[in-house]
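Participant: Provide a 3D model corresponding to the input given below.
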Amino acid sequence: MTTELTRGLRKRLRELHDPVLVSRRLAFTLPNRARVPEVVRLMTDPTIARWTLMIPFPYRGADARAWIRRAPTRRRAGTDLSLHVVRRADGALVGGVGLHHLDAVHARGELGYWIGRPFRRQGYAREAARAVTAFGFHQLGLHRVEARVFPGNTASAGVLRASGFRREARLRESIVKQGRFVNEVVFAKLSARRTPVRFAPPASGAPLRTARRRRRSRPTVRKAR
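Facilitator: Residues are numbered from 1 along each chain as shown. Alright, predicted model coming up:
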């Protein structure tokens, strides 16, 4: 059963194609080297490094290229899904989002995201968090999605609460950042599904579109014509 679940998740991740996911204003695409200049421009912001664990500052082209190079390897291994967040109206890169530490056996993963300074306070983080969490539940078979923030990051905590996450714990000195132990606040959201599911064959065709809120229906994958 363990092997079956892991293979199923890997298969789904390997067969993803662009755009992986579409919401009302955003498209979510696999990391692409053509976006390196945009990534570097948005990442040249110390607040992103301050509130994330692994992103360095200053952020250089070599950092972006290394991240983009690693992303498909981790996706094929079934451990991580990293995505660009792109504004549909004009194709501008807005930020990044991902599901990390994926565990098919226990049906869980960890949400992470960042939004470039020019695009903040426009609801993009909330839209991305909701869309990717729903994708994890309905397309990857996850039951629990966690997110961890540093104390003081009230903006990110607000995004999570608005996206249906609940604060569960404050972990004391749980990780090392910049040479010192720091605390984390853990949020989590659970799917409505109460029992684990087996993976069905991946649906093919058009990218998944998030459900309209008024319908309260699950996202579906439409077949390509």
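
Participant: Setting the sequence-adjacent residues aside, check what's closest to residue 113.
Facilitator: In space, and not counting its chain neighbours, residue 113 is closest to residue 97: 4.1 Å by Cβ to Cβ, 6 or more residues apart in numbering. For glycine as for every other residue, the C-beta is placed from the backbone atoms N, C-alpha and C.

Participant: The one you found pairs with what?
Facilitator: residue 83, residue 113 (DSSP bridges).

Participant: which residues of this structure fall in strands?
Facilitator: 21-22, 26-29, 81-87, 93-103, 108-115, 144-149, 166-177, 180-190, 208-209 (DSSP state E).

Participant: could you dump these to CSV with mean pLDDT and mean neighbour count?
Facilitator: Shown next, in CSV, are the strands of the chain (pLDDT from 0 to 100; neighbours: other Cβ atoms under 10 Å):
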stretch, mean pLDDT, mean neighbour count
strand 21-22, 96, 22
strand 26-29, 98, 23
strand 81-87, 98, 24
strand 93-103, 97, 21
strand 108-115, 97, 22
strand 144-149, 98, 20
strand 166-177, 96, 12
strand 180-190, 97, 16
strand 208-209, 62, 20
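
Participant: Nearest to residue 46 among these would be which one?
Facilitator: strand 108-115 (12.5 Å; Cβ to Cβ).

Participant: Show residues contacting that closest one.
Facilitator: By Cβ atoms under 8 Å, 6 or more residues apart in numbering, the residues outside strand 108-115 that reach it are 48, 52, 55, 85, 94-103, 124-125, 128-129, 132-133, 136, 140, 142-148, 159.

Participant: beta partners of residue 190?
Facilitator: residue 144.

Participant: how about the helices in the protein?
Facilitator: 2-14, 36-43, 46-51, 61-77, 124-138, 154-162 (DSSP state H).
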